[in-house]
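# The following block contains a protein sequence and its predicted model.
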Amino acid sequence: MKKQFRVDVCADSAALSPGQVFTGGSPPGPIWPRLRSPQQDRGVGTMKYSVDRAVLLRALTHVQSVVERRNTIPILANVMIEASSGGALKLTATDMEIAVVEDIAGVTVARAGRTTAPAATLYEIIRNLPEGARVEFDHGGGDGPLALRSGRFNTSLAVLAVDDFPSMTEGRMPVQFSIKAGVLRDLIDRTKFAISTEETRYYLNGIYIHATESEGQPVLRAVATDGHRLARVEESLPEGAKAMPGVIIPRKTVNEIRKLAEETQDEIAVRLSDTKVQFALGTVTLTSKLIDGTFPEYERVIPRGNDKKLVVPRKDFADAVKRVAAISSERSRPVKLSLGTNHLRVSAASPDQGEAQEDLEGDDVAYTSGALEIGFQARYLSDITDLVEDKLEFMFADGAAPTVVRDASRPEALFVLMPMRV
């Protein structure tokens, strides 16, 4: 089959006229300064568009955060850019565990196409352009550089082949439901502090989310634990979530979706399979692999018989813990709680700095179960007090047993703390 070429520029009046088709085994000689194949005319391999700096920066902020700064696969350091003739732009970034895709509308597209560019470099360039700037991109196809211009600034970025860019968005996700952004934020905020950072117990490196029942009502429950503390929070079960499998969402995914959920009050669409989870909110879609492991039977470590109850104002208790903990720079040193009737003493000691103590008592401190001394790591106490709105409710068994902590105004949130020897 003979190749066809269309003439864009003719340097010889006696030669073919613009638009005329040349048929032959090879194109004409050097008198044809620019020849384009029909495939190039359709924009395959080439791309040219312009976009507002603020719009592009917002999208790059979302997608580039999943890119690992150090990796052994060069293409994973790039963001894939796809411009369509309808005036839309799609940005995709992935680390092979998470993929974030953002669609941008209202882009001026002169030639549709796609390529990849270094994500961190592109983000830094766009971030440092002046507000209100318009950014123009031009890519001639193949492995040629991506030209970027804005005002008096211009640069060329090296690209890598689009065909090498991995895809994570394929595959069926049979479970689908929607959850309010505020509800998802609350589930994450009240559990993520307890996610384990111990890589050997990888199945604890995320939040376990599943459908279950609480007091006869269907709930969506989130649980995290690092072996020293546990957080369990539940919300009403969204419609369509009853059939969801129990899944462990990795720590990095939790952090990324939390940042995205901060920017909206709308519903977030959730899709699930046994191996992947996908969150769609606005113009952004985040797809993540799930942790392939079995979460422990957490209900077995939640005490049921703790009968010694302390109720104390959150702010007074939190401030006292911070003040006495300042006596020691060692994070592992405990803060001791000494309880008497309607009285609480918070204290700490350090061989180098001395001792500190503060007494809390009065109508706001309620305890009537006999003398008790127990110690906790100061940071663990602060992590919980930061999540409580008004009053803390402690349920003790003795000075060596796990303690249950609740927000008195939000009983659907429960925390378990292992004590330290004092």
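Great, that's in hand. Numbers count the residues shown, from 1 in each chain.

# Show me what Arg229 is bridged to.
Leu417 (DSSP bridges).

# wait, it sits on Ser382?
No - with contacts counted by Cβ atoms under 8 Å, Arg229 stays clear of Ser382, the gap being 11.9 Å. For the C-beta atoms, the positions are set from N, CA and C on the backbone; glycine is no exception.

# ok, Val247 to His210 distance?
Distance, Val247 to His210, using Cβ to Cβ, to the nearest Å: 7 Å.

# same check, this time on Asp138
49 Å.

# backbone phi and psi for the nearest residue to Glu389 once chain neighbours are set aside, please?
Spatially, and ignoring its direct neighbours in sequence, Glu389 is nearest to Ser409 (5.4 Å; Cβ to Cβ, 6 or more residues apart in numbering). When quoted as degrees, to the nearest 10, the phi and psi of Ser409 stand at phi -100, psi -10.

# could you list every residue that touches Ser409?
Glu389, Asp390, Lys391 (Cβ atoms under 8 Å, 6 or more residues apart in numbering).

# In PyMOL, how would I select just the buried ones from these?
Buried residues within those, by 16 or more other Cβ atoms under 10 Å, are selected in PyMOL with:
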select buried, resi 391
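
# What segments of the stretch 251-400 of the chain are strands?
For the stretch 251-400 of the chain, strands defined by DSSP state E, counting those that start in this stretch occupy the ranges 267-272, 276-281, 284-289, 308-313, 334-340, 343-350, 354-361, 372-377, 391-396.

# Dump those to TSV, plus distance to Leu417 and mean pLDDT.
What follows is these, written out as TSV (distance: least, Cβ to Cβ, whole Å; pLDDT from 0 to 100):
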stretch	distance to Leu417	mean pLDDT
strand 267-272	31	96
strand 276-281	29	96
strand 284-289	30	96
strand 308-313	13	96
strand 334-340	11	94
strand 343-350	15	93
strand 354-361	18	93
strand 372-377	6	95
strand 391-396	9	96
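
# To Glu82, which of those strands lies closest?
Closest to Glu82 of these, according to Cβ to Cβ: strand 284-289, at 13.8 Å.

# Partner strands of that closest one and their direction?
In the sheet, strand 284-289 lines up with strand 98-104 (antiparallel), strand 276-281 (antiparallel) (DSSP bridges).

# nearest to Gly182, of those strands?
Minimum separation from Gly182 across these (Cβ to Cβ) falls at strand 276-281, 12.3 Å.

# And the closest one, what's buried?
Lys276, Val277, Gln278, Phe279, Ala280, Leu281.

# ok, now stretch 94-109?
Going by 16+ other Cβ under 10 Å, stretch 94-109 has these buried residues: Thr94, Asp95, Glu97, Ile98, Ala99, Val100, Val101, Glu102, Asp103, Ile104, Val107, Val109.

# CA-only coordinates of it in PDB, if you can.
This file holds the C-alpha atoms of stretch 94-109, laid out as PDB (Å, rounded to 0.1, in the frame of the first residue of the first chain):
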ATOM      1  CA  THR A  94       0.800   7.000  40.300                       C
ATOM      2  CA  ASP A  95       3.300   5.200  42.500                       C
ATOM      3  CA  MET A  96       1.900   1.800  41.500                       C
ATOM      4  CA  GLU A  97       0.000   1.600  44.800                       C
ATOM      5  CA  ILE A  98      -2.100   4.800  44.400                       C
ATOM      6  CA  ALA A  99      -3.300   6.600  41.200                       C
ATOM      7  CA  VAL A 100      -4.800  10.100  41.200                       C
ATOM      8  CA  VAL A 101      -6.600  11.400  38.200                       C
ATOM      9  CA  GLU A 102      -7.900  14.900  37.800                       C
ATOM     10  CA  ASP A 103     -10.000  16.400  35.000                       C
ATOM     11  CA  ILE A 104      -9.700  20.000  34.100                       C
ATOM     12  CA  ALA A 105     -12.300  21.700  31.900                       C
ATOM     13  CA  GLY A 106     -12.200  25.000  30.000                       C
ATOM     14  CA  VAL A 107      -8.800  24.400  28.500                       C
ATOM     15  CA  THR A 108      -7.900  26.000  25.100                       C
ATOM     16  CA  VAL A 109      -6.700  23.000  23.100                       C
END
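
# Leaving aside the residues adjacent along the chain, what's closest to Pro313?
Asp364 (4.8 Å).

# what number of residues lie near the one you found?
By the criterion of other Cβ atoms under 10 Å, Asp364 has 13 neighbours.

# same thing with the one 10 residues further on?
Residue crowding around Ile374 was assessed by other Cβ under 10 Å; the count is 24.

# Now do the same contact list for it.
Neighbouring residues of Ile374 by Cβ under 8 Å, 6+ apart: Lys336, Leu337, Phe396, Asp398, Gly399, Ala400, Thr403, Pro419, Val422.

# ok, it to Leu339 distance?
The gap separating Ile374 from Leu339 is 8 Å, by Cβ to Cβ.

# give the contact list for the residue nearest the centre of the chain.
Ranked by distance to the mean C-alpha position of the chain (Cα atoms, centre = their mean), the top residue is Glu256 at 0.8 Å. With contact taken as Cβ under 8 Å, 6+ apart, Glu256 is in contact with Ser65, Val66, Ile98, Val100, Leu286, Ser288.

# For the fifth one, give the beta-bridge partners.
Spelled out, that is Leu286. Under the criterion used here (DSSP bridges), Leu286 is bridged to Val100, Phe279.

# Perfect, I'm done here.
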